[in-house]
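Asks: what follows is a predicted structure for the sequence shown.
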Amino acid sequence: MSKRISFEFFPPKTDAGKEKLLATQQKLLAKKPAFFSCTFGAGGSTRDNTRDMVNQLRNQHGDTAPHLSCIGQSRDEILELVNGYKDAGVTRIVALRGDLPSGMGYAQSEIKYADELVQLIREETGDHFALEVAAYPEMHPQARSFEDDIAHFKRKIDAGANSGLTQYFYNADAYGYYLDALQKIGCDAPVYPGIMPILNVANLVRFSSTCGADIPRWLHSKLNDIKDDDAAVKAFGEEVVTRLCERLLAMGAPGLHFYTMNQAGPNLRILDNLGM
Ligand code: FAD
């Protein structure tokens, strides 16, 4: 069975950045991805930027999905975006709760969790959109327990989401355990592992600590040893992430979702190594 590939971008702030991203997308088209996606800034901070970038990316690949997070947006603001996407011909959304900039209270939001967002989109637009939702093999950092978190994931699927895209991780066993746990509670929706190429050690460590991704001790210590040698980090990172992908695919992952960091090269090299 062929494996689904997708690539995630973030919306650049400048016109030059946008041009560069369109060129990156051109290069990634070589891998015949099922879709591209474009992130949504915390609390709606990139609301217009995401929408504009998605429109531009869709000129080169019709299935480009906006991420949409509900936290910090009113119900009307969400519906305006969703209906605008529908009218523009967008057919896929990555539906998220999102995070709020510090100081904004979660309690003020009308739509508090991603399952409520999925439900709202389904009520408003029926089956128009394919809906992707977030999944956390290493548990969402705010979840009360692993069991609670997988129950929440199932709730998103039961509300009408089609599949999961995971937070990135470097421990293949976490993914296998997650799939088993979902199956035990009767959830067999496809869950696509999120793949983060390793490019810069300081950024990876900082970002991982905020999003709850674990960098295993052996990997962290090896990266620490070579952190000032960019070429060594990239070569070692490519080898580690290629091997991770090989294991995930062998475990039955239905495809791979790449956190591209708006770059083509590292993602293309991993896919080349995998023969994909
Ligand atoms: P939810 O699924 O709503 O879960 C959030 C937390 O609440 C979890 O701990 C869950 O266990 C808990 N929970 C859920 N329902 C309930 C309930 N009813 N009662 C109590 N607890 C509950 N962030 C952005 O800002 N922009 C992006 O574009 C973006 N893209 C992402 C793409 C992917 C593939 C992934 C994996 C993450 C992305 N994120 C993005 C990060 C994401 O927004 C954060 O991880 C956020 O904290 C949770 O969003 P969620 O959709 O997973 O929330």
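Replies: Alright, I've got the coordinates.
Asks: send the alpha carbons of stretch 47-62 over as CSV?
Replies: Listed next in CSV are the C-alpha coordinates belonging to stretch 47-62 (Å, rounded to 0.1, in the frame of the first residue of the first chain):
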residue,chain,number,x,y,z
ARG,A,47,-5.2,34.5,11.0
ASP,A,48,-4.9,36.6,7.8
ASN,A,49,-1.4,35.5,7.0
THR,A,50,-2.3,31.8,7.2
ARG,A,51,-5.3,32.4,4.9
ASP,A,52,-3.3,34.4,2.4
MET,A,53,-0.4,31.9,2.4
VAL,A,54,-2.8,29.0,1.9
ASN,A,55,-4.4,30.7,-1.1
GLN,A,56,-0.9,31.1,-2.6
LEU,A,57,0.2,27.6,-1.8
ARG,A,58,-3.1,26.2,-3.3
ASN,A,59,-2.1,27.6,-6.7
GLN,A,60,0.7,25.0,-6.8
HIS,A,61,-1.1,22.2,-4.9
GLY,A,62,-4.9,22.2,-4.7
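Asks: what's the mean pLDDT across that stretch?
Replies: Per-residue pLDDT over stretch 47-62 has a mean of 93.
Asks: same check on stretch 213-231?
Replies: The model assigns stretch 213-231 a mean pLDDT of 95.
Asks: measure Gly275 to Val54 for me?
Replies: 31 Å (Cβ to Cβ, to the nearest Å). Backbone N, C-alpha and C define where each C-beta goes, glycine included.
Asks: comparing those two, which residue is more hemmed in?
Replies: Regarding Gly275 and Val54, a neighbour count based on other Cβ atoms under 10 Å identifies Val54 as having more, with 23 against 6.
Asks: pull the contacting residues for Asn171.
Replies: Residues counted as contacts of Asn171 (Cβ atoms under 8 Å, 6 or more residues apart in numbering) are Glu138, Asp214, Pro216.
Asks: sec struct for the first one, please.
Replies: It stands for Glu138. In three-state terms, and counting by DSSP: H, G, I helix; E, B strand; the rest coil, Glu138 is coil.
Asks: okay, now it: neighbour count?
Replies: Number of residues near Glu138 (other Cβ under 10 Å) recorded here: 22.
Asks: the second one too?
Replies: Each residue near Asp214 was counted by other Cβ under 10 Å, and the total is 16.
Asks: what do you get for Val240?
Replies: Quick note: Val240 (other Cβ under 10 Å) scores 18 neighbours.
Asks: quick one: contacts for it?
Replies: The contact partners of Val240, by Cβ under 8 Å, 6+ apart, come to Tyr170, Ile198, Leu219.
Asks: double-check that it belongs to a helix.
Replies: Yes: with three-state DSSP as the criterion, Val240 is part of a helix.
Asks: return the distance of it relative to Ile270.
Replies: Going from Val240 to Ile270 by Cβ to Cβ gives 10 Å.
Asks: leaving aside the residues adjacent along the chain, what's closest to the spatially most central residue of the chain?
Replies: Using Cα atoms, centre = their mean, the residue of the chain that lies closest to the mean C-alpha position is Leu165, 5.5 Å off. Take Leu165 and drop its neighbours on the chain: the residue closest to it by Cβ to Cβ, 6 or more residues apart in numbering is His257, 4.7 Å away.
Asks: repeat for Asp158
Replies: Nearest non-adjacent residue to Asp158 (Cβ to Cβ, 6+ apart): Asp115, at 7.8 Å.
Asks: so which bits of the helix or strand the one you found falls within are buried?
Replies: When secondary structure is defined using DSSP states H and E, the element that contains Asp115 is helix 114-125. Residues of helix 114-125 classed as buried under the neighbour-count rule (16 or more other Cβ atoms under 10 Å) are Ala114, Asp115, Glu116, Leu117, Val118, Gln119, Leu120, Ile121, Arg122, Thr125.
Asks: do the same with stretch 135-155
Replies: By neighbour count, and taking 16+ other Cβ under 10 Å as the criterion, the buried residues in stretch 135-155 are 135-140, 143, 146, 149-150, 152-155.
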